[in-house]
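Engineer: Provided below for reference: sequence and predicted model.
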Amino acid sequence: MPEIPEDSALMKMEVAGICGTDVKLYQHPPSGTPVIMGHENIGYIAKAGREFTRRKGFREGDLVFVEHYVSCGKCEWCHLGQYRHCENTDWRSNPDAIRYGYTSAERAPHLWGGFAQYVYLPWNAVLHHVPRGVTPELAGLVTPMANGVEWSLFDGGVGYNSTVLIQGPGQQGLSQTVICKQAGASLIIVTGTSKDGARLDVARTLGADHVIDVQKEDPLARIREITGGKGVDVVLDCTAGGGTMPILFGVEALKRKAGTMVIQGEIAEFPNFPVGRVTVKAITLKSARGHSYKACELALQQLASRRYPLEKITTHAFGLKEVDLAIRSVGGEGVPDVIHASLMPWK
């Protein structure tokens, strides 16, 4: 257990959410050294230095959500409030970057991931109070919910009377469904495959107007039928880097002119990207990367509102010794029908 300086704290973990990113990281670790995974972290402040409490307003006993970004606090991005772009947290380009779930466990004081019983909180950790009445397990959904706010509302511009196609009914796609419904979207269509049957049912429960099994019917023909040939205003690709097909399909599913498509995940190559089709249709293409402070606060408020049965997304809980099974299950190779898994280290 590390010493806790006056400007730092120690968090006792309650829930670490497991998502598709963890599946990828498990298969392809971010560094050549041991890493404690876990970047969707909820817990109680177990010990807080006096200066930590004075600066940040969090004290021992508080239930908090910790964002995975650990920013420098002094660069241009940090001053703009966009610390997710800070070089100090960019593990892809900066070998000294600090990000929960990605940073080497050999870096003192070592506790940089939520698949553990305790996590170290330096002065520049980004924390949020979990609202009263929200359980730690439900709060474990705040990261995908915050991504839902950031990608659909801030990036995609979804609002009142918007028509939306959400590709992929995983935890990200289902979170987008709730956020779009809350924002006043008049039409929400969610697509998936035959193995996503249970998830598509949850999508209906959470507000989707139509769900489409792309293996059982022509999805583009169905969307044109639903929209009277107009297409949708916004496409949200939540297939976690599912290749070029979701993007190609999204381009065609958008309305004739001036639609918006938000994509996320990593696609290694796209040699035949339909630039001409995109420009002719005046499509706005945006990449989704993480979430902002405001998105996290709005996501926590959404969880606290209890307006939607969000517990249907967080389907399974695992103990720390079951982490291998938990990750494989989220990846579709272990326990069936897992959407969002909660790793509970004291379970």
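Structural biologist: Looks like it came in fine.
Engineer: residue boundaries of the helices in the stretch 1-150 of the chain?
Structural biologist: In the stretch 1-150 of the chain, the segments counted as helices under DSSP state H, counting those that start in this stretch are 20-27, 50-56, 76-79, 136-139, 142-148.
Engineer: Ramachandran coordinates for residue 253?
Structural biologist: Main-chain torsions, residue 253, degrees, to the nearest 10: phi -80, psi -20.
Engineer: From residue 235, how far off is it?
Structural biologist: In this view, residue 253 and residue 235 are 6 Å apart by C-beta to C-beta, to the nearest Å. C-beta here means a position set from N, CA and C on the backbone, and glycine is covered the same way.
Engineer: shared neighbours, those two?
Structural biologist: residue 165 (C-beta atoms under 8 Å, 6 or more residues apart in numbering).
Engineer: Between the two, point out the one with more neighbours.
Structural biologist: Neighbours were tallied for residue 253 and for residue 235 using other C-beta atoms under 10 Å; the higher tally belongs to residue 235 (29 against 23).
Engineer: For that one, give me phi and psi.
Structural biologist: Reported as degrees, to the nearest 10, the phi and psi values for residue 235 are phi -120, psi 130.
Engineer: Got the phi and psi for the closest residue to it other than its chain neighbours?
Structural biologist: What sits nearest to residue 235 in space, not counting adjacent residues and going by C-beta to C-beta, 6 or more residues apart in numbering, is residue 250, at 3.9 Å. Note on residue 250: backbone dihedrals following degrees, to the nearest 10 are phi -60, psi -40.
Engineer: and the gap between residue 250 and residue 277?
Structural biologist: Distance from residue 250 to residue 277, by C-beta to C-beta: 11 Å.
Engineer: Residue 145 too?
Structural biologist: The gap separating residue 145 from residue 277 is 33 Å, by C-beta to C-beta.
Engineer: more neighbours, those two?
Structural biologist: residue 145 (28 against 13).
Engineer: excluding its backbone neighbours, what's nearest the more buried one?
Structural biologist: Nearest non-adjacent residue to residue 145, counting by C-beta to C-beta, 6+ apart: residue 299, 3.7 Å away.
Engineer: Could you give the number of residues near residue 166?
Structural biologist: Residue 166: 30 neighbours (other C-beta under 10 Å).
Engineer: got a list of what it touches?
Structural biologist: The neighbourhood of residue 166, defined by C-beta under 8 Å, 6+ apart, consists of 173, 176, 177, 180, 188, 189, 190, 191, 203, 208, 236, 238.
Engineer: Arrange those in JSON lines, one row each, with neighbour count and pLDDT as further columns.
Structural biologist: Formatted as JSON lines, these follow (neighbours: other C-beta atoms under 10 Å; pLDDT from 0 to 100):
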{"residue": "173", "neighbour count": "29", "pLDDT": "95"}
{"residue": "176", "neighbour count": "35", "pLDDT": "96"}
{"residue": "177", "neighbour count": "32", "pLDDT": "97"}
{"residue": "180", "neighbour count": "29", "pLDDT": "97"}
{"residue": "188", "neighbour count": "27", "pLDDT": "98"}
{"residue": "189", "neighbour count": "24", "pLDDT": "98"}
{"residue": "190", "neighbour count": "30", "pLDDT": "97"}
{"residue": "191", "neighbour count": "28", "pLDDT": "96"}
{"residue": "203", "neighbour count": "27", "pLDDT": "97"}
{"residue": "208", "neighbour count": "26", "pLDDT": "98"}
{"residue": "236", "neighbour count": "32", "pLDDT": "96"}
{"residue": "238", "neighbour count": "32", "pLDDT": "91"}
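Engineer: And the furthest pair within those?
Structural biologist: Between any two of those, the greatest separation by C-beta to C-beta is 14.1 Å, found for 180 and 191.
Engineer: now the residue nearest to residue 235: how far from residue 270?
Structural biologist: Between residue 250 and residue 270 the computed distance is 13 Å (C-beta to C-beta).
Engineer: Distance-wise, check residue 119 relative to residue 128.
Structural biologist: Distance from residue 119 to residue 128, by C-beta to C-beta: 15 Å.
Engineer: higher neighbour count, the two?
Structural biologist: Between residue 119 and residue 128, counting by other C-beta under 10 Å, residue 119 is the more crowded of the two (25 against 19).
Engineer: ok, now which ones touch the nearest residue to that one once chain neighbours are set aside?
Structural biologist: Distances taken as C-beta to C-beta, 6+ apart put residue 11 closest to residue 119, at 4.6 Å, once the chain neighbours are dropped. Residues near residue 11 by C-beta under 8 Å, 6+ apart: 41, 43, 44, 45, 46, 64, 66, 118, 119, 120, 121.
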